[in-house]
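Visitor: mind looking at a prediction? Sequence and model below.
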Amino acid sequence: MKIAVVGTGYVGLVTGTCFAEVGIDVTCIDIDQHKINNLRQGIMPIYEPGLEEMVVRNMEAGRLHFTADLSTGIKECAVVLIAVGTPPGEDGSADLKYVLNVARGIGEYMQSYCVIVTKSTVPVGTAPIVHQEIARALDKRGVHIGFDVASNPEFLKQGAAIDDFLKPDRIVVGVDSEQATEVMRRLYKPFLLNGHPIIFMDIPSAEMTKYAANSMLATKISFMNDIANLCEIVGADINMVRRGIGSDARIGPKFIYPGIGYGGSCFPKDVKALIRTAQENGYQMQVLQAVESVNEGQKELLFNKVNKHFNGELTGKKMAVWGLSFKPKTDDIREAPSLVIIEKLLAAGCVVSAYDPVAMQEARHTLGDRITYSDNQMESLIEADALLIVTEWPEFRVLNLAVVSRLMKQKVIFDGRNIYDKQEIEKAGFIYHGIGMGPTRSALVSR
C-alpha cells in the first residue's frame, strides 16, 4: 500500500514514520524545501524521543520518502493524509487555510481514486468544505475522478508519540462510504492484527471526538488547579486530596496533578476552537470558558507566589528557572507557562537564569538574550535568590540539597509541579512553596 502525508510537522512526521515502520510505503510532503532537505539527511525539525532513529531506519529501508513536490508525492497513492497546521485565528476559531490549500492541490494533481484524510485537528463540518475544494479543482481540470474524504484524528502525546501511534488506545475513523471504510481498514490492518481497536463512525462525530477528548483532559487539569488553589486557602493538601479522589475508578489517577496550567500546541487552541464552534452555532460552552479562564490565571500563580514572598521587592533578584517546555520530553514552548512567568519576572526587574534539557534553543526565538541560558541546572543556581520548578523533567526530581544550598544566595524553592516533598525540603532549611498545600503538618499516611 502506498500513501502520502502532507505536512512534516509534529503530527505529519510521526504519522508518516510510524506507518512506514509497519511496512507501508510512505511519502511525506512539505512545501518547505529546506526542511525536506534536512529530513533526507536525518535532521529532525522537532524533538521527539526515538523519532530520529526511526526516520533514518525507514529511509534506509526504502519505505519512507520526502519531497516538496505534491504532484509526484501523491501519485498512485491509495490514501493522502492532510497533516498541516490549523492555528487559532484572532477569534479563537481554527484557521483552515493550510488544509484547504492542500485540498486544492490534491484536486489539481490526483490521477486516480483515493481517500483524502484530515489528520489535522479541524472543526466539525470541515470534511464537506475539503470535499468541495477538491471537487472544484477537478472540475477546473475537466476530469472526473472518484474520491472520498475521511476524518482520522490523532491522539498523540508529545514525548510519547511513537508509542501512542504504534500502540493506540483506539483508532477513530470517520467515513461516509463503504469504499472509504475498506481502504481505511486496510491502512490500519497492521494495528488491528495487534488487537488495537478501530472505531468507525460518521465524519462529524470523528471531528468532534478529537476536540471533546482534548477539552475533557484540559477540564480535568483546570478543575484540579481550582481545587488546589482552594486547598491552599483552607489548609488542605492537594496531594492527599488527589490520592483520595484518584482511587475512585470513576475518576482515576491520570490528569489530576495540580500545577501551573496547561500549554502546548493542542489544548489551548482546541479549547478555544470548540468554544468558538459553539458560539457560531448559538451555544455557550460554559464549562470550557471556565476551564480557559482558570488556566490563564494559573500561569501567573507561581509569579504571584514569588512576588508575595519577596514583598514585591524583586528588582535585581536572581531567579533560577528549571524547565521551559510546556511539558517534559519535548522542546515545544508554545503557550508554555514558562513564558508567562519569565515575562512577569523580567517586567518586575528580576534577573533570570534558565535551564531546560532540550527547549533552550526554541526559547531563544521568543525570549532572545533577555535571560541567561545555563549549560546545566546547577549552574543556573549560582547566587540565585530562588529556584522555580516550571517543567517536571525527570532529571529535576532528585535534589542534592547540600549542593543546592551552597550555590544559592537564598534557600527558597517555588515548586510549580509539586515534584518535591515539602517536609523533606523544609527539613533541609529551605522555604518551600508548592501548589495547593497548606501549612506543613505531620503526615498521617506515607507518601
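Guide: Good, I have the coordinates.
Visitor: in contact with the residue positioned nearest the centre of the chain, which residues?
Guide: Of all residues in the chain, the one closest to the mean position by C-alpha atoms, centre = their mean is Gly264, 4.3 Å from it. Going by C-beta atoms under 8 Å, 6 or more residues apart in numbering, Gly264 touches Gln158, Phe326, Lys327, Thr330, Asp332, Arg334, Glu335, Ala336. In short, each C-beta sits where N, CA and C put it, glycine included.
Visitor: which non-adjacent residue is nearest it?
Guide: Closest residue to Gly264 apart from its sequence neighbours, by C-beta to C-beta, 6 or more residues apart in numbering: Phe326 at 4.4 Å.
Visitor: for the one you found, give its distance to Gly259.
Guide: Distance, Phe326 to Gly259, by C-beta to C-beta, to the nearest Å: 11 Å.
Visitor: what sits in contact with each of those two?
Guide: Common contacts of Phe326 and Gly259 (C-beta under 8 Å, 6+ apart): Pro337.
Visitor: just say helix, strand or coil for the residue nearest to Gly264.
Guide: At Phe326, secondary structure determined by DSSP: H, G, I helix; E, B strand; the rest coil is coil.
Visitor: Ala180 is in contact with Phe147, isn't it?
Guide: No. Applying C-beta atoms under 8 Å as the test, Ala180 and Phe147 come out as separate, 9.1 Å apart.
Visitor: more neighbours: which of these two?
Guide: Ala180 (24 against 19; other C-beta atoms under 10 Å).
Visitor: common neighbours of Ala180 and Phe147, please.
Guide: Common neighbours of Ala180 and Phe147 (criterion: C-beta under 8 Å, 6+ apart): Val115.
Visitor: residue boundaries of the helices in the stretch 51-200 of the chain?
Guide: Along the stretch 51-200 of the chain, counting by DSSP state H, counting those that start in this stretch, helices occupy 51-60, 70-73, 97-109, 126-141, 161-166, 178-187, 189-192.
Visitor: lowest-confidence stretch among these?
Guide: The minimum mean pLDDT among the helices of the stretch 51-200 of the chain belongs to helix 189-192 (a mean of 88).
Visitor: hmm, who's touching that helix?
Guide: The contact list for helix 189-192, computed with C-beta under 8 Å, 6+ apart, reads Val22, Gly23, Ile24, Leu166, Pro168, Ile171, Arg185, Ile198.
Visitor: now stretch 218-235
Guide: Stretch 218-235 is contacted from outside by 236-238, 241-242, 255-259, 261-262, 267, 270-271, 287-288, 290-292, 294-295, 298, 301, 435-439, using C-beta under 8 Å, 6+ apart.
Visitor: list buried residues within those.
Guide: 236-238, 241-242, 255-259, 261-262, 267, 270-271, 288, 291-292, 294-295, 298, 301, 435-437 (16 or more other C-beta atoms under 10 Å).
Visitor: next step: those residues restricted to helices.
Guide: Members of the buried ones among the contacts of stretch 218-235 lying in helices (criterion: DSSP state H): 238, 241-242, 267, 270-271, 288, 291-292, 294-295, 298, 301.
Visitor: I'd like to know which of the residues you listed is nearest to Gly62.
Guide: Set against Gly62, the nearest of these by C-beta to C-beta is Asp270 (36.3 Å).
Visitor: now the closest residue to that closest one other than its chain neighbours: how far from Glu53?
Guide: The shortest distance from Asp270 to any non-neighbouring residue, by C-beta to C-beta, 6+ apart, is to Asn214 (4.3 Å). Separation of Asn214 from Glu53 (C-beta to C-beta): 28 Å.
Visitor: between those two, who's got more neighbours?
Guide: Asn214 (23 against 11).
Visitor: run the angle between the host helix or strand of that one and helix 126-141 for me.
Guide: According to DSSP states H and E, Asn214 maps onto helix 203-234. For helix 203-234 against helix 126-141, the angle by axes from the mean of the first three to the mean of the last three C-alpha atoms, to 10 degrees is 140 degrees.
Visitor: please renumber the chain so that the first residue is 653 from this point on.
Guide: Fine by me, first position is 653 from now on; the one you just mentioned is helix 855-886.
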